[in-house]
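> Make a model of this:
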Amino acid sequence: MIKGYQTQILDIYEKIRSKNSEELRSRKKELAEKLPEVLDIQREIGKLCVKITLSVINNIENRDSYLDEIKESITDLKIKKSELLVENGYPIDYLEEKFECNKCNDTGFIGTKKCQCYKKKLVTLYYKNSDLNNVLLRENFNTFNYSVFSNRKVNDKPLTPRKNMEDISAKALYYIETFNSKSDNLFFYGEPGTGKTFLTHCIAKELLNKGFFVLYRTAENLFKDLREIRFNNTPNLENLILNCDLLIIDDLGTEQMSNFSITELFNLLNTKLLTNKKMLVNTNFSLDELMSTYTDRITSRLLGNFTLFNFYNDDDIRVKINLNKMKNQ
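Next up is the predicted model:
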C-alpha cells in the first residue's frame, strides 16, 4: 500500500464512528425529552449487567440461580423497553448504535483481516488521486465500441484496424487478470485518434476497481511533478509516483524537451524498472520519431523493457465519433 493511505483510511473510519456516536447521543437526547422512561429502563438493564459481571468475579453462592433471576429480569425489561418504543412510533433498535458496515462495526477490520468495506474505501481514495475520477465514467470497457475501427486494411498493416484493436484489447484484459503476478510494462504508439488513450482508461478503471493504485499523468504534468520533487522536496508526491502499482504516462513527446526532462525521464524509467513497478506509456510518435527524439538510454528501456502495441485506423476515431453524434442529433 502507498505510504500514508492507511492513515487516511483509519481517519475516515474514526470520523464515521464519531458520526455514529453523535447520532446515538442525539437519539438519546430526544428520548430524554419525549420518552424518559425508556432511558430509565436502559439504565436499569445496565445495572443488572454489572451485577452479572460482579457475580462471576466474586464467585457468589447459588450463582446459577442468581444469574438466571437477573437474566430473566433483563429479558422482561428489554421487552418492556421495546413495547414502549414501538407504541410511541420508534423502531425497536432506536437506542442501538447504527453502523455503515455491520460486518466490522466501522473499524475496517474483522479480527486481523481487512473488511470488504476497507477495500472499497481504499479504491475511492485511489480514484480520487489517480486524476481519472470523471473520465473513467465515460471511457471504460463497457463503453468501448469496436465499430469505430475500420474493417479495411490500412497500408501494409497485417491486420485490419478493428482486428488489431480486438487483439490488443484481449491482451489488455489478460494484462489486467495477471497484473498481480507479472511485471510487464506496456507501450502504446500510433497516430492521434487511434484509441490509445481510451484503452489506457479502460485498463486504469479495471485495475482501480480491483484495488490497485493507478496514477495517471500526461507527460507535461509528469515533468511538472518531477520538477516539484527535485527542487521543492515533496516526498509524498515522489512516493506516489515511484510506488504506485501502475504509472500511466499519457502523450509522451508533448512535454517541453530540455536536459532536465531527458535526465528525469531516464531516472524515472530506470528506477521503476529496477524496483519492478509497472508502467504504461503511450505516445503519438512512431518508433523512428521516438528514437530520434530521445537518447539511446531512454529508447533502449522503452523498446527493450515494454511490450509494444501499434495502434492505427483509417481516420481519426474522435472525429468519427463526433460526426456520428451530430448525425444522430
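
> and the gap between Leu10 and Phe179?
Per Cβ to Cβ, to the nearest Å, Leu10 is found 26 Å from Phe179. The way it works is simple: take the backbone N, C-alpha and C, and place the C-beta from them, glycine included.

> Which of those two has more residues huddled nearby?
Neighbours were counted for Leu10 and for Phe179 using other Cβ atoms under 10 Å; Phe179 has more, 18 against 15.

> Please name the residues that touch that one.
Phe179 is in contact with 207, 210, 212, 245-246, 278, counting by Cβ atoms under 8 Å, 6 or more residues apart in numbering.

> Could you identify the most distant pair in those?
In these, two members sit farther apart than any others by Cβ to Cβ. They are Lys210 and Lys278, at 13.4 Å.

> Can you tell me which of the contacts of Phe179 is closest to Asp76?
Nearest to Asp76 among those is Lys210, at 51.6 Å by Cβ to Cβ.

> Now the terminal residues of stretch 173-186, how far apart.
By Cα to Cα, to the nearest Å, the extent of stretch 173-186 from end to end equals 12 Å.

> from the contacts of Phe179, which would you call buried?
Neighbour counting over those (16 or more other Cβ atoms under 10 Å) leaves 207, 212, 245-246, 278 as the buried ones.

> so Thr7 is in which element?
If you go by DSSP states H and E, Thr7 is part of helix 5-34.

> any idea of the mean pLDDT in that helix?
Averaged across helix 5-34, pLDDT comes to 92.

> Walk me through the domains of this protein.
Residue ranges for the domains of the chain, per automatic domain parsing: 23-100, 131-328.

> and among the ones you listed, the most buried is which?
Compared across those, domain 131-328 shows the largest average neighbour count, a mean of 16 (mean count of other Cβ atoms under 10 Å).

> now that domain: mean pLDDT?
For domain 131-328, the per-residue pLDDT averages 90.

> what's the distance between it and the middle of its chain?
Domain 131-328 sits 19 Å away from the centroid of its parent chain (Cα atoms, centre = their mean, to the nearest Å).

> before we move on, back to that, generate a markdown table for the domains of the chain, with distance to Arg17 as supplementary columns.
Listed next are the domains of the chain as a markdown table, based on distance: least, Cβ to Cβ, whole Å:
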| stretch | distance to Arg17 |
| --- | --- |
| domain 23-100 | 9 |
| domain 131-328 | 23 |
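
> May I ask which helix or strand encompasses the nearest residue to Glu238 once chain neighbours are set aside?
Computed as Cβ to Cβ, 6 or more residues apart in numbering, the closest residue to Glu238 that is not its neighbour in sequence is Ile229, at 4.6 Å. Per DSSP H and E, Ile229 falls inside helix 219-232.

> picking that back up, immediately after the helix holding Thr7, which helix or strand?
Sequence-wise, the next helix or strand downstream of helix 5-34 (DSSP H and E) is helix 36-58.

> Let me know the angle separating that next one from helix 5-34.
If you take axes from the mean of the first three to the mean of the last three Cα atoms, to 10 degrees, helix 36-58 sits at 120 degrees to helix 5-34.
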